[in-house]
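Undergrad: Have a look at this fold, sequence not included:
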């Protein structure tokens, strides 16, 4: 929601009220609450879309792909989705980094995402342990990549940064 | 706290009051609250000890060890600590699995732990990205291992299960 994120940037997240967001967006408060359960939801609404886009990307991976390759395939359409959203993502990341309660919510959303990825891997036939480890590794790679992406200026860099993070994970875990 | 965990097992976590825990342990409620901020803290107190034992183990790793090897070295003394606590851990795991709010708290504690491990790796000279990835991988391995350990009967099996999980993580992340 662009109106909200602009307000957050202008005057701070804590200081912005739902009434102000609704006004800026040309909505009544009642209409705002039809779409968002609370102010935080403006920041976290995207997590459902992220999950469905990621899972869709996984569904397109060839049957013989390894669990982590399947997870990584899900990040192709995620990278496309993100290519339009760097400035939103950057403001959002700064707000969350400054608010412990939002950081907790972000963690929980990421773990929900990991759970969905794990379930999708199991449904494809991956062994339970491999599915857990690949899902967690994938979400870690996503999280690390996201942190790098918002600190640079090319909106289209997400996919290349994913590959860098995957490569580093491989190097870190190699015996 | 053995009195509390026995009560949780006998009558359920939700149904157990602080007054009952204090009585069973021969404490006044006031004394209970001197040691624990609330009932949940009985389940999560151990996370501070886990962190300090894990970091101590990491401090003993040779300077040339890779980040993940350093993290894994921290799990040696953790395994020793856990060898005495399988029945507590098993009851605790069952309580947490059945309570979404406790699951969230557990996640947050694990991420706090990952943050401490990451900081310790950076302090040893690991590059920031490698430190993040190794810390997250280590906590994932810990979490997966813990889940397996409470489902089997040998209290001393923790370390061997860590090695299995590390091996599987390597297999999952290999190109």
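TA: Received it, and whenever you're ready, just let me know what you need. What you see is a predicted model; the values in this text were computed from it and never measured.

Undergrad: C-alpha only now, for contacts and for neighbours.
TA: Fine.

Undergrad: Return the residues of chain A in contact with chain B.
TA: Remark: the part of chain A in contact with chain B comprises A:66-68, A:104, A:107-108, A:129-130, A:132-134, A:136-137, A:140-141, A:144, A:168-170, A:172-175, using C-alpha under 8 Å from any C-alpha of the partner chain.

Undergrad: Using ChimeraX, define a selection of the buried residues within these.
TA: Selection of buried members from those for ChimeraX, criterion 16 or more other C-alpha atoms under 10 Å in any protein chain shown:
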select /A:66,67,68,104,107,108,129,130,132,133,134,136,137,140,141,144,168,169,170,172,173,174
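
Undergrad: List the residues that contact residue A:137.
TA: With contacts defined as C-alpha atoms under 8 Å, 6 or more residues apart in numbering or on different chains, the neighbours of residue A:137 are A:68, B:137.

Undergrad: same thing with residue A:59?
TA: For residue A:59, the set of contacting residues under the criterion of C-alpha under 8 Å, 6+ apart consists of residue A:74.

Undergrad: Which positions within stretch A:98-112 qualify as buried?
TA: By neighbour count on 16+ other C-alpha under 10 Å, the buried set for stretch A:98-112 is A:102-111.

Undergrad: need the residues you listed in TSV with pLDDT, secondary structure and distance to residue B:163, can you?
TA: Conversion of the buried residues of stretch A:98-112 to TSV gives the following (pLDDT from 0 to 100; DSSP: H, G, I helix; E, B strand; the rest coil; distance: C-alpha to C-alpha, whole Å):
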residue	pLDDT	secondary structure	distance to residue B:163
A:102	94	helix	35
A:103	91	helix	31
A:104	89	helix	30
A:105	91	helix	32
A:106	93	helix	30
A:107	89	helix	27
A:108	89	helix	27
A:109	93	helix	29
A:110	93	helix	26
A:111	91	helix	24
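
Undergrad: Identify, from those, the entry nearest to residue A:75.
TA: Proximity of those to residue A:75 (C-alpha to C-alpha) peaks at residue A:110, which lies at 14.3 Å.

Undergrad: Distance check, the closest one against residue B:117.
TA: Applying C-alpha to C-alpha, to the nearest Å, one obtains 20 Å for the distance of residue A:110 from residue B:117.

Undergrad: same question, residue A:140
TA: As defined by C-alpha to C-alpha, residue A:140 lies at a distance of 15 Å from residue B:117.

Undergrad: And the lowest-mean-pLDDT helix or strand in chain A, what does it pack against?
TA: Within chain A, confidence by mean pLDDT, DSSP states H and E is lowest for helix A:2-11 among all helices and strands, at a mean of 89. Packing contacts for helix A:2-11, counted by 3 or more C-alpha pairs under 8 Å, 6 or more residues apart in numbering or on different chains; DSSP states H and E, involve helix A:18-25, helix A:86-97.

Undergrad: mind listing what's buried in the first one?
TA: Within helix A:18-25, the residues that count as buried by 16+ other C-alpha under 10 Å are A:18, A:20-22.

Undergrad: Need those residues in CSV (columns: pLDDT).
TA: Conversion of those to CSV gives the following (pLDDT from 0 to 100):
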residue, pLDDT
A:18, 93
A:20, 94
A:21, 94
A:22, 93
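
Undergrad: Which neighbouring elements make contact with whichever helix or strand residue A:118 is part of?
TA: Residue A:118 belongs to helix A:100-123 when assigned by DSSP states H and E. Applying 3+ C-alpha pairs under 8 Å, 6+ apart, we find helix A:100-123 packed against helix A:46-59, helix A:67-82, helix A:86-97, helix A:128-149, helix B:100-123.

Undergrad: can you rerun that using 7 Å?
TA: helix A:86-97, helix A:128-149 (3 or more C-alpha pairs under 7 Å, 6 or more residues apart in numbering or on different chains; DSSP states H and E).

Undergrad: would you list the ones you listed in CSV and tack on mean pLDDT?
TA: Below are those laid out as CSV (pLDDT from 0 to 100):
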stretch, mean pLDDT
helix A:86-97, 94
helix A:128-149, 94
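
Undergrad: Return the most buried member of the ones you listed.
TA: Mean neighbour count, computed with mean count of other C-alpha atoms under 10 Å in any protein chain shown, is highest for helix A:128-149 among the helices and strands packed on helix A:100-123, reaching a mean of 22.
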